[in-house]
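Colleague: What follows is a predicted structure for the sequence shown.
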Amino acid sequence: MKWAPRVCGCRHRRSDQGFERINLHHTSDLIPTFPGGERSDAPTPRLGPQRASGVLYPTVVTAGDAYLVGREIIAELPVDAGGVDQLYASIRADGSRLEGVKFAHCTFANVSFKDCVLDEATFTDCAFIDCYFRNTKIEKSKFSGCKFVNSDLSKVDIRSCDFRYYNSFANCLIKFGQLRESLPGEGNLRAHLCANLAQEARKAGLTYDEGLYRQAGAEAFERHMFDAIRGTTPYFKEHYRGSGRVSAAYRWAASRLRGLAWGYRRSWLVVLRNWSILSLGVFPLLFLALGAGLERDGKRASASDAWLASLGNILPGSGLSDVHFVSGWTLALAFIEVLLGLLFAALITALLFRSVFEREK
């Protein structure tokens, strides 16, 4: 007899990694089946390693997800040889040194790497579930297509590593300062990893790291799109032709405008800067260009009057100016500036509250 999942929701297989990820709402959703396909109505035991035909089928439950690994548990980490298609679970490898080892399609569940040294190690399509990396030194190592789930990476020391190919993090993250030098160099890969880590940083309440990852990802994405527009390499020439190059130009321009308008890190200082540029520069110049439609005491308004009029509009109710708008164009500009003033005030207030709230959190 073995254990088959009664799935509540979608099912996502990763056969190359040797495990199956199934979203379960309750641990009681596993029911026993027999070789002939019959199902038993007997009470279902709690999740845990189960034995069928002499093989141990473990189930690792993490944050509502079940990772079913159809392989035997190995309770000792091979620090000298590495492994392929293996499951390492409930191991305390504290203080070990893994040098030049290679692991592929392996799962590490509840493994402690505390005070370990990983030197020139290679991990390909591996999953690290509920692992402990406190004070772990990882140097010149390579991670490709790896998943880090619910693992403690808060005090890991990473030096000259390669996280290039589609690694992902769930309910855990590496802080930007620790990973900055090991981020992928390719624009699209760097943007993909930074977007993932920015989301995890936000969930953890680490606003500063979220902003740094968001900025690094946006800059990498823009660099990638700009290279696609220019066709700098055969790769870009092959993958971005005709409409593809036009689409890349649009996406590059949209990202640049978002960065200029709100800042990649969504900073209230950027919003305040843009407010100053519009109220002290752009709108006063526009009012001066339409000088005939701007009057004060029955006379044409001066440059200082245009400046005060702009401030009075973008700060509604301030009473800073007694300038009158006597043409349709100046009235329209004044109306637009008042709306922008209200918008900027709301944005700055929201960003300030968000910053204070998340800092306290």
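Modeller: Thanks, I have the structure now.
Colleague: can you list the weak-confidence ranges in the protein?
Modeller: Per-residue confidence of the chain (counting by pLDDT under 70) places the weak regions at 1-71, 265-268, 317, 319, 354-361.
Colleague: Which helix runs longest in it?
Modeller: helix 328-360 (DSSP state H).
Colleague: Who are the packing partners of it?
Modeller: The contact analysis (3 or more C-beta pairs under 8 Å, 6 or more residues apart in numbering; DSSP states H and E) places helix 328-360 against helix 207-230, helix 268-277, helix 283-289, helix 303-314, strand 324-325. For every residue, glycine as well, the C-beta is placed using N, CA and C.
Colleague: And the second one, how far out from the chain middle?
Modeller: Just to be clear, that refers to helix 268-277. 25 Å (C-alpha atoms, centre = their mean, to the nearest Å).
Colleague: Which strands or helices does that helix pack on?
Modeller: Counting contacts by 3+ C-beta pairs under 8 Å, 6+ apart, helix 268-277 packs against helix 243-262, helix 328-360.
Colleague: and residue 138, which of the three is it?
Modeller: State at residue 138, reduced to three classes by DSSP: H, G, I helix; E, B strand; the rest coil: strand.
Colleague: Same check on residue 115?
Modeller: Residue 115 ends up coil, using three-state DSSP.
Colleague: The one 3 residues further on too?
Modeller: Following three-state DSSP, residue 118 is assigned to strand.
Colleague: could you measure it against residue 173, distance?
Modeller: 18 Å (C-beta to C-beta, to the nearest Å).
Colleague: for residue 83, same thing?
Modeller: In terms of C-beta to C-beta, residue 83 sits 26 Å off from residue 173.
Colleague: So if I had to pick from those two, which one is more boxed in?
Modeller: Using other C-beta atoms under 10 Å, the more surrounded residue of residue 83 and residue 173 is residue 173, with 26 against 17.
Colleague: That one - that's part of a helix, no?
Modeller: No: counting by three-state DSSP, one finds residue 173 to be coil, located in no helix.
Colleague: Spit out the contact partners of it.
Modeller: 153, 197, 200, 201, 204, 206, 209 (C-beta atoms under 8 Å, 6 or more residues apart in numbering).
Colleague: now the helices for the stretch 51-200 of the chain?
Modeller: Remark: helices assigned in the stretch 51-200 of the chain by DSSP state H, counting those that start in this stretch are 176-179, 187-203.
Colleague: Distance from the first one to the middle of the chain?
Modeller: Pointing back at helix 176-179 there. The answer for helix 176-179 is 14 Å, by C-alpha atoms, centre = their mean.
Colleague: For that helix, buried residues please.
Modeller: 176, 178, 179 (16 or more other C-beta atoms under 10 Å).
Colleague: And for the longest one?
Modeller: For helix 187-203, the buried set under the neighbour-count rule, 16+ other C-beta under 10 Å, comprises 187, 189-202.
Colleague: Tell me which other helices or strands that helix touches.
Modeller: Using 3+ C-beta pairs under 8 Å, 6+ apart, helix 187-203 sits against strand 168-170, helix 176-179, helix 207-230.
Colleague: Buried residues, the longest one. List them.
Modeller: Just to be clear, that refers to helix 207-230. Counting neighbours by 16+ other C-beta under 10 Å, helix 207-230 gives 207, 209-229 as buried.
Colleague: swap in the shortest one?
Modeller: For strand 168-170, a neighbour-count test (16+ other C-beta under 10 Å) marks 169, 170 as buried.
Colleague: Please shift the residue numbers so they start at 3 in all later answers.
Modeller: From this message on, residue numbering opens at 3, which makes the last subject strand 170-172.
Colleague: Quick one: distance of that strand to the chain centre.
Modeller: With C-alpha atoms, centre = their mean, you get 9 Å for strand 170-172.
Colleague: Most remote residue from the middle of the chain, which is it?
Modeller: residue 300 (57.5 Å; C-alpha atoms, centre = their mean).
Colleague: which one of the buried residues of helix 189-205 is nearest residue 91?
Modeller: Distance ranking of these against residue 91, using C-beta to C-beta, places residue 202 first at 24.0 Å.
Colleague: list the contacts for the nearest residue to residue 227 once chain neighbours are set aside?
Modeller: Excluding the flanking residues, the one nearest residue 227 by C-beta to C-beta, 6 or more residues apart in numbering is residue 254, at 3.8 Å. Going by C-beta under 8 Å, 6+ apart, residue 254 touches 224, 227, 228, 231.
Colleague: Could you pull up the contacting residues of the first one?
Modeller: Contacts of residue 224 were listed using C-beta under 8 Å, 6+ apart, and they are 189, 254, 257, 258, 261.
Colleague: my read: the first one touches residue 230, true?
Modeller: No: contact between residue 189 and residue 230 fails when scored by C-beta atoms under 8 Å: they sit 9.1 Å apart.
Colleague: related to what we said a few turns ago, quick one: the residue farthest from the centre of the chain and residue 232, what's the gap?
Modeller: 57 Å.
Colleague: Check residue 241 too.
Modeller: 13 Å.
Colleague: same check, this time on residue 250
Modeller: Distance from residue 250 to residue 232, counting by C-beta to C-beta: 10 Å.
Colleague: same check, this time on residue 155
Modeller: 37 Å.
Colleague: Got the phi and psi for residue 323?
Modeller: phi -140, psi 150 (degrees, to the nearest 10).
Colleague: Residue 334 versus that one, what's the distance?
Modeller: With distances taken as C-beta to C-beta, residue 323 is found 17 Å from residue 334.
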